[in-house]
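Asks: kindly generate the corresponding structure for this input.
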Amino acid sequence: MSTVFFIVQIILSILLIALVVMQSKNLGTSAMFGGSGSFATTKRGFEKTLFNLTLVVSVLFFLIAIASAMIF
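Replies: Modelled structure (predicted):
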């Protein structure tokens, strides 16, 4: 059972990293660390779906991490 938790947690962490990297609009390092001078806009279409998917995966990762810590 512990192996299942660890495998799910590893898969969720890789997926979460990929989703966060996909959300960056500019490829420069200054934009990655908040140096972008653009204004905030509303999310639409694929960007909104990507944001919601990132939110769901991060909550699942957090819940699996808490469950794993409580069980083991």
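Asks: what is the mean pLDDT for the lengthiest helix in the chain?
Replies: For the chain, the helix that runs over the most residues, judged by DSSP state H, is helix 46-71. Regarding helix 46-71, the rounded mean pLDDT is 94.
Asks: use 222 as the first number for this chain going forward.
Replies: With the count now opening at 222, the last piece we talked about shows up as helix 267-292.
Asks: for the residue most central in space within the chain, which non-adjacent residue is closest in space?
Replies: Nearest to the centroid of the C-alpha atoms of the chain, with distances taken as C-alpha atoms, centre = their mean, sits residue 237, at 3.3 Å. Using C-beta to C-beta, 6 or more residues apart in numbering and skipping the chain neighbours, the partner closest in space to residue 237 is residue 278 (5.0 Å). C-beta: built from backbone N, CA, C; applies to glycine.
Asks: the one you found against residue 236, yeah?
Replies: Yes - in terms of C-beta atoms under 8 Å, residue 278 counts as a neighbour of residue 236; the distance is 5.5 Å.
Asks: now the longest helix of the chain: buried residues?
Replies: The neighbour-count check on helix 267-292 (16 or more other C-beta atoms under 10 Å) flags 275, 278, 282, 285 as buried.
Asks: I am finished for the moment; much appreciated.
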